[in-house]
Every structure is written in C-alpha cells, then in structure tokens.
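**Q** Give me a model of this one.
(one chain, ligands or ions: 1)
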Amino acid sequence: MDAREMKIAAAQAALAHVEDGMRLGIGTGSTAEEFVRLLAEKVAGGLSVEGVPTSERTARLCVELGVSLKSLDELPELDLTIDGADEVDPALRLIKGGGGALLREKIVAAASSKVIVIADETKMVDTLGAFPLPIEINSFGQASTRIAIERAAERLGLTGDLTLRGSHDGPFMTDGGHFIFDASFGRIPDAEALGHALHAIPGVVEHGLFINLATLAIIAGPQGARVVE
Ligand code: 5RP
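**A** Residues are numbered from 1 along each chain as shown. Purely as a prediction, here's the structure:
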C-alpha cells in the first residue's frame, strides 16, 4: 500500500461508523478529503447525513461532491467528527493544524459526541513534538506573542524556533483571519502543561495540541487499518 492507499484504508474504516441521519463534523487535510470522497459515494447511494465542515477547503469539496452541509450554529451538537492528524500518541493526544484549520477543527471536535482520527501509521509517535506545533495567533502584536510563547515554553524546558507560516506572498491566513506560528520545540513530554501555558497568552487564539478530544484513532499501515483507543 502506498501513502494514499493507507489514507483511503483509514477513511474507509471510519465510514463504517457513519450512520444514516448523523450530524457529522468533517475534518480537513488530505486524509479527511479521502473520507469526503468515500462519504460522497455513500450519499449518492442514499445515505443521509448533515455535515459541518472544519474549513472552507473542506466545504468546497463537500459542495462539489454533493455532501449536504450545515453551519455549526445550525447544528451545534454533532454525533461524530472524522478528521486527520499530524501526530497521534498512544493516549490519543494529537498535534493538528498542519493544514491550518486547527481552530475550527477543535471547535467542531469539542461539539461532537465522538471524534474518530484517521491517519496512516507514519503519524503514530511515542511522544508528540517531532511535527512542529501549529499555534494560531492574532496578527496584532505578533512580536510580543512570539516572545510570550518562547518564555512560556522555556519555563517548561522547551526551546526551538517559531516560524511564521507563509510564503514570499505574505503570511498564511487561517479561515478565521489569523496567523500561525509553527513551533519546533521537539519532544513535548508534558503536552497538557504546554497547552495550558499557551492558552494563558492573550495573543494565542488556539494551539494544535488536541487533548481528551479523540475517542479513537484508525491507523492504516501496509497490512490494513487498526483501531487505537
Ligand atoms: C489540518 C489538520 C490535518 O488533519 C492534518 O494536517 C493532517 O493532514 P493530512 O491528512 O493531509 O496529513 O490538522 O489543520
């Protein structure tokens, strides 16, 4: 199985958890998009679900493929969310936000009774942190926010570069109109403590540590998909 086939295998296994009539949070990223493609086939075959997308990018794909959408304000409580991840540890702590949708992804996950993470096995890690941690920030005062993040991380024994996401065209802007720092702290032994410390900084809108949100993960490898819970 190549990387894409593993994503499809995880998405296919997640589809078995989707029931007729569900209010469904729909994630962002290449793995979540494989899920949307499979879901759209089921919808074309008669499955009825109402989806809440976690990004404008996912919304566009759903509309293109005929998956019916509602806003989170129309459906404030969801039965199930299916989303990808950048890293998953054995306790189902996640790093998310590689695709820049972490804020909406976290709001949607928190509004869901169940959250299923779909990923290929390269995303499984013993300890979070090899993937740079996305931190969504308000654009106002970004230099001060950077210093505050660095100091908070240092107090937890973490050092590393904070890179403002973007290109020569300018900073990447999230669907909420914010910027993202990608923080290369390396191994994060206490993700809960880092999460609390980041939330205490006024310029931080949200961070990509997802703790106590995932119900189970479906991890696909060359031999097929397995469940971690
Ligand atoms: C987007 C995310 C994605 O779920 C994460 O980046 C994984 O993406 P992919 O499935 O393309 O590897 O958090 O904000």
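
**Q** which bits of this structure sit near the ligand?
**A** Contact residues (Cβ under 6 Å from any ligand atom) of the chain with the ligand: 27-32, 83-86, 96-102, 105. Just so you know, the C-beta spots here come from the backbone N, C-alpha and C atoms, and that holds for glycine as well.

**Q** Among these, which are located in helices?
**A** 30-32, 102, 105 (DSSP state H).

**Q** Write a ChimeraX command that selects only the buried members of those residues.
**A** Restricted to buried positions by 16 or more other Cβ atoms under 10 Å, the ChimeraX selection for these reads:
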select :31,32,102,105
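
**Q** and for stretch 168-176, what are the contacting residues?
**A** Residues outside stretch 168-176 that contact it (Cβ atoms under 8 Å, 6 or more residues apart in numbering): 55-56, 100-101, 103-104, 136, 139, 164-166, 179-180, 205.

**Q** should've said stretch 24-33
**A** Contacts of stretch 24-33 (Cβ under 8 Å, 6+ apart): 7, 10-11, 18, 35-36, 39, 49-55, 57-58, 61-62, 67, 78-84, 98-101, 104-105, 108-109, 111-112, 115, 118-120.

**Q** Among those, name the ones in helices.
**A** Counting by DSSP H, the contacts of stretch 24-33 place 7, 10-11, 35-36, 39, 57-58, 61-62, 104-105, 108-109 in helices.

**Q** middle-most residue in the protein, spatially?
**A** What sits nearest the mean C-alpha location of the chain, by Cα atoms, centre = their mean, is Lys96, with 4.0 Å.

**Q** Can you give me every residue that contacts it?
**A** So Lys96 contacts 83-86, 102, 105-106, 134, 208, 210 (Cβ under 8 Å, 6+ apart).

**Q** Mark which of the residues you listed are part of strands, please.
**A** Here DSSP state E is the test, and the contacts of Lys96 give 83, 134, 210 as lying in strands.

**Q** So what's the residue count around the last one?
**A** Using other Cβ atoms under 10 Å, Phe210 is surrounded by 28 other residues.

**Q** cool, the one 10 residues further on as well?
**A** Residues contacting Ala220 under the criterion other Cβ under 10 Å number 25.
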